[in-house]
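# Let me see the structure of the following:
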Amino acid sequence: MSAEVENSKEEETKEQPKSIRHKLKLHWQVGIKLLELLLCILCIGTGFDAIDTMGIGNSDLHHVGVLYTAYTGYILITVVFLLNYCLEVTIPYRTSSLFSICGAGLFLTTGVLLLVDKSDYIRHYVSPATTLQQYMILVSVIISFATSAVFTIDSVLTFRRQEDF
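Numbering: from 1, shown residues only. This next block holds a predicted model:
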């Protein structure tokens, strides 16, 4: 009898190799959160120097406030979500989905505000010296819209699957 118990324990401890598809199904939320974190860092990295050099914060402080709140705020929120995952603390799916919806809205708003600021700057202060900064703002706008799309996808998938994070 003890030999049978030992054999069954050995069979339980042997894990079947899991496919990549199976691992992705289990940890899809972590992958999306890491993608969101990377995109948030890219947004602030491409926009910071350009906004500072072009002086957008001097005239449109409320636009810059929304921008930095969205970028740095969602870096912090995503890091907290990932730390909770590492500490095995679950976050309800509704909370996760709500944060993703708010993130999508903030990043969409930020992208639109940056486009408005860029066009106002071009209209008033055309300078070849700031061409690089204008491209950097455009890259930040594109990444901001992409991040908004990723947040939307995250929200829809989380709410449909009703999986806690």
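# Report how many residues lie close to residue 154.
24 (other CB atoms under 10 Å). Any C-beta I mention is one placed from the backbone N, CA and C, and that applies to glycine too.
# what's the spacing between the host helix or strand of it and its chain's center?
If you go by DSSP states H and E, residue 154 is part of helix 131-161. Distance of helix 131-161 from its chain centroid, counting by CA atoms, centre = their mean, to the nearest Å, is 8 Å.
# For it, name the packing helices and strands.
Secondary-structure packing of helix 131-161 (3 or more CB pairs under 8 Å, 6 or more residues apart in numbering; DSSP states H and E): helix 28-54, helix 93-124.
# Check which residues of it are buried.
Neighbour-count burial for helix 131-161, counted by 16 or more other CB atoms under 10 Å, picks out 133-134, 136-137, 139-141, 143-148, 150-152, 154-155, 157-159.
# What of stretch 69-82?
Buried, per 16+ other CB under 10 Å, within stretch 69-82: 70-71, 74-75, 77-78, 81-82.
# Convert the C-alpha atoms of that stretch to CSV, please.
The C-alpha trace of stretch 69-82 is given here as CSV (Å, rounded to 0.1, in the frame of the first residue of the first chain):
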residue,chain,number,x,y,z
THR,A,69,-0.8,63.0,-14.3
ALA,A,70,-1.7,60.5,-16.9
TYR,A,71,1.9,59.3,-17.7
THR,A,72,3.4,59.2,-14.2
GLY,A,73,0.1,58.2,-12.5
TYR,A,74,-0.4,55.2,-14.7
ILE,A,75,3.3,54.2,-14.3
LEU,A,76,2.6,54.1,-10.5
ILE,A,77,-0.7,52.3,-10.9
THR,A,78,0.7,49.7,-13.2
VAL,A,79,3.7,49.1,-10.9
VAL,A,80,1.3,48.7,-7.9
PHE,A,81,-0.8,46.1,-9.9
LEU,A,82,2.4,44.2,-10.8
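# Right, I'll leave it there.
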